[in-house]
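> What shape does this take:
(one chain, ligands or ions: 1)
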Amino acid sequence: MDFEFTLEQEAWRKEVRSFLESEISKGTFKPMVDGWIQGYSPEFTKKVAARGWIGLTWPKQYGGQGRSHTDRLILTEEMLRYGAPAACHWFADRQIGRAILAYGTEEQKQELLPKILAGEAYVGLGMSEPQAGSDLASLKTRAVQDGDYYVVNGQKMWTSCARFMTHVYLVARTDPDAPKSRGISEFVIDAKTPGITIRPTIDITNSEAWGEVFYDNVRVHKKYLIGEKNRGFYQILNQLDYERAGLERLMGNYVLYDAILKYTKETRRRGKPICEEPGVRTRLAQLGVEFEVGRLLTYRVIQVMEKGISPNVEAAMAKWYCTTFEQHLGTVATDILGLYGQLWKESKWAPIAGLAPHSFLASKGYSLQGGTNEVLKNIVATRGLGLPSST
Ligand SMILES: Cc1cc2nc3c(=O)[nH]c(=O)nc-3n(C[C@H](O)[C@H](O)[C@H](O)COP(=O)(O)OP(=O)(O)OC[C@H]3O[C@@H](n4cnc5c(N)ncnc54)[C@H](O)[C@@H]3O)c2cc1C
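Numbering: from 1, shown residues only. The predicted structure follows:
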């Protein structure tokens with residue numbers, strides 16, 4: 001099997017790198033950890049859009065570039081390597097635009113896709129509720145049809161991008177009498193619609209990247225229903241595969257990974273770089289192995305996508321493995337840095353710009369968001385290995 005990229009793909013990687021390096025040198029952004037999910041920079045997103053790099057794989061007919069999933073993989077790999085603040089467009093580019101392309105009406109495509117491609121529509125993901133996370137089908141938020149409108153009432157939590165979103169992807173129950181997975185529908189709506197209230201969630205890292213969103217008699221025109229009424233749950237399953245599929249599950253903290261490798265080479269103890277101490281060396285080697293395995297598992301997902309197949313088991317396997325690596329990275333980095341490694345970036349004494357505490361804490365949530373490890377292992381067991389389901 002050939003794991004090399006083609007000359008064209010390598011040239012494309014160079015093009016992305018030189019763009020990112022030039023934006024760093026112009027001061028558009030400073031490399032950060034979690035940039036894909038917490039780095040909100042409308043300026044950066046506009047620049048990416050201007051190059052046609054949002055919707056890279058979407059059909060040309062709808063303003064995309066019609067390029068391969070491998071090209072998008074390279075683009076995202078470099079964005080993550082340089083810690084780019086790409087959260088404004090990431091969710092719409094990765095999954096919601098794709099959902100609109102797959103299930104949306106022509107009118108929805110004409111209205112929403114150009115805004116995403118222009119880097120002007122930031123879409124938050126509104127699925128989970130206080131009593132519905134892993135078991136999404138038990139969600140309670142209702143959308144009751146009233147003529148040409150749906151009236152939405154309910155509460156979502158952990159809606160990504162909540163503070164910044166211009167649009168929200170909403171999953172709501174449209175038939176309370178149907179079996180629970182059958183009466184659910186998907187919508188993409190303007191986040192400024194009257195009746196929507198957003199309350200930021202302050203997470204373990206003090207970030208407000210997510211929020212609770214309350215829907216109080218929100219009137220949504222039926223033209224914003226995506227796909228078939230009451231069939232939303234089946235559409236979501238496909239969309240979740242794309243949510244889990246990318247390198248962001250492995251490289252969200254690449255800036256820290258790179259920094260800790262440099263730190264251990266440059267910091268000397270008893271006359272030697274600390275990367276040569278056996279305790280440090282074995283842990284870095286273990287991280288290196290895990291990183292490469294995670295990378296190949298994600299490349300495998302892309303190979304499946306190139307065949308036009310939804311990467312279900314492959315994405316579950318990669319996300320579980322890769323987020324475990326990221327948690328391991330946060331722990332190893334914090335251990336190596338010692339007590340000072342616990343200082344936040346605001347402290348002048350914090351080594352490697354205080355990157356480690358953020359990753360150590362934020363990574364706890366990685367194995368919950370987008371599907372918990374247990375749920376992902378169930379997918380691998382039942383759909384991948386054909387083991388019997390426990391439910
Ligand atoms: C940082 C972060 C970001 C998030 N971002 C978003 C977002 O953008 N949009 C959004 O809609 N949601 C988001 N979520 C919510 C996330 O999808 C849910 O937290 C997740 O699906 C788990 O649901 P829950 O928290 O209700 O836990 P529960 O579903 O109650 O699970 C509790 C525990 O039980 C286990 N469990 C549950 N069911 C099974 C089963 N069938 N077999 C074995 N074990 C099981 C779980 O693995 C877990 O350990 C985010 C969450 C976090 C922490």
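> Is there proximity between the helix or strand bottoming out on mean pLDDT in the chain and the ligand?
Every helix and strand of the chain was ranked by mean pLDDT, DSSP states H and E. The lowest is helix 232-244, at a mean of 87. No. Judged by Cβ under 6 Å from any ligand atom, helix 232-244 makes no contact with the ligand; its nearest approach is 8.7 Å. (C-beta placed from N, C-alpha, C; glycine too.)
> Can you point out the buried residues in that helix?
By 16 or more other Cβ atoms under 10 Å, the buried positions in helix 232-244 come out as 232-233, 235-236, 239-244.
> Dump these to JSON lines, plus distance to Ser25.
As requested, the buried residues of helix 232-244 are exported to JSON lines (distance: Cβ to Cβ, whole Å):
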{"residue": "Gly232", "distance to Ser25": "45"}
{"residue": "Phe233", "distance to Ser25": "47"}
{"residue": "Gln235", "distance to Ser25": "43"}
{"residue": "Ile236", "distance to Ser25": "41"}
{"residue": "Gln239", "distance to Ser25": "37"}
{"residue": "Leu240", "distance to Ser25": "38"}
{"residue": "Asp241", "distance to Ser25": "37"}
{"residue": "Tyr242", "distance to Ser25": "33"}
{"residue": "Glu243", "distance to Ser25": "33"}
{"residue": "Arg244", "distance to Ser25": "34"}
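> ok, back up a step: anything in the helix or strand just after the least confident helix or strand of the chain near the ligand?
Using DSSP states H and E, the next helix or strand after helix 232-244 towards the C-terminus is helix 248-251. No. Using Cβ under 6 Å from any ligand atom, helix 248-251 stays clear of the ligand, coming no nearer than 12.5 Å.
> For stretch 3-12, C-alpha coordinates in CSV please.
Taking Å, rounded to 0.1, in the frame of the first residue of the first chain, the C-alpha atoms of stretch 3-12 are listed here in CSV:
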residue,chain,number,x,y,z
PHE,A,3,1.0,6.0,1.9
GLU,A,4,2.7,8.8,0.0
PHE,A,5,0.9,11.9,-1.3
THR,A,6,1.1,12.8,-4.9
LEU,A,7,3.3,15.7,-6.1
GLU,A,8,0.1,17.8,-6.6
GLN,A,9,-1.0,17.1,-3.1
GLU,A,10,2.4,18.0,-1.7
ALA,A,11,2.3,21.2,-3.7
TRP,A,12,-1.2,21.9,-2.3
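> How far off centre is that stretch?
25 Å (Cα atoms, centre = their mean, to the nearest Å).
> Contacts for it, please.
13, 70-71, 74-75, 296, 299 (Cβ atoms under 8 Å, 6 or more residues apart in numbering).
> So which bits of that stretch are buried?
Trp12.
> Mind checking the pLDDT average for it?
For stretch 3-12, the mean per-residue pLDDT is 94.
> do the same with stretch 329-340
96.
> By proximity to the ligand, which residue of the stretch 201-350 of the chain wins?
Trp210 (5.6 Å; Cβ to the nearest ligand atom).
> Quick check: beta-bridge partners of that residue?
Beta-bridge pairing of Trp210 under DSSP bridges involves Ser160, Thr201.
> same thing with the one 4 residues further on?
The residues paired with Phe214 through beta bridges, assigned by DSSP bridges, are Gln155, Thr197.
> OK, contacts around it?
Here Phe214 is in contact with 154-155, 196-199 (Cβ under 8 Å, 6+ apart).
> before we move on, the earlier item: the residue of the stretch 201-350 of the chain closest to the ligand: neighbour count?
24 (other Cβ atoms under 10 Å).
> And the ligand, is the host helix or strand of His358 touching that?
Element membership of His358 [criterion: DSSP H and E] is helix 355-366. Yes. Contact of helix 355-366 with the ligand (Cβ under 6 Å from any ligand atom) involves Gly365.
> hang on, the earlier thing: could you let me know which of the contacts of stretch 3-12 ends up closest to the ligand?
Leu75 (21.7 Å).
> show me what contacts the residue lying closest to that closest one once chain neighbours are set aside?
Nearest non-adjacent residue to Leu75, counting by Cβ to Cβ, 6 or more residues apart in numbering: Val16, 5.5 Å away. With contacts defined as Cβ under 8 Å, 6+ apart, Val16 is in contact with 53, 74-75, 78-79.
> Looking at those, which is nearest Met127?
Met79 (24.2 Å; Cβ to Cβ).
> so how far is the ligand from the closest one?
19 Å (Cβ to the nearest ligand atom, to the nearest Å).
> cool, and Ala356?
18 Å.
> What of Ser359?
13 Å.
> Up against the ligand, what does this protein have?
Close to the ligand, as judged by Cβ under 6 Å from any ligand atom, the chain has residues 125-128, 133-135, 158-160, 210, 365, 368-369, 372, 374-375, 378.
> From those residues, which land in helices?
Counted as lying in helices by DSSP state H, out of those, are 365, 374-375, 378.
> filter those to the buried ones?
365, 378.
> Rebuild the ones in helices among the residues of the chain next to the ligand as a markdown table, extending it with pLDDT.
Shown next, in a markdown table, are those (pLDDT from 0 to 100):
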| residue | pLDDT |
| --- | --- |
| Gly365 | 96 |
| Glu374 | 96 |
| Val375 | 95 |
| Asn378 | 96 |
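> Out of the ones in helices among the residues of the chain next to the ligand, which comes closest to Lys109?
Looking across those and measuring by Cβ to Cβ, the closest to Lys109 is Val375, at 31.3 Å.
> which one is the closest one nearest to, not counting chain neighbours?
Ser134 (5.1 Å).
> In contact with that neighbour, which residues are there?
371-372, 374-375.
> Redo the residues you listed as JSON lines? Include distance to Pro179.
Converted to JSON lines, the contacts of Ser134 look like this (distance: Cβ to Cβ, whole Å):
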{"residue": "Gly371", "distance to Pro179": "22"}
{"residue": "Thr372", "distance to Pro179": "23"}
{"residue": "Glu374", "distance to Pro179": "24"}
{"residue": "Val375", "distance to Pro179": "20"}
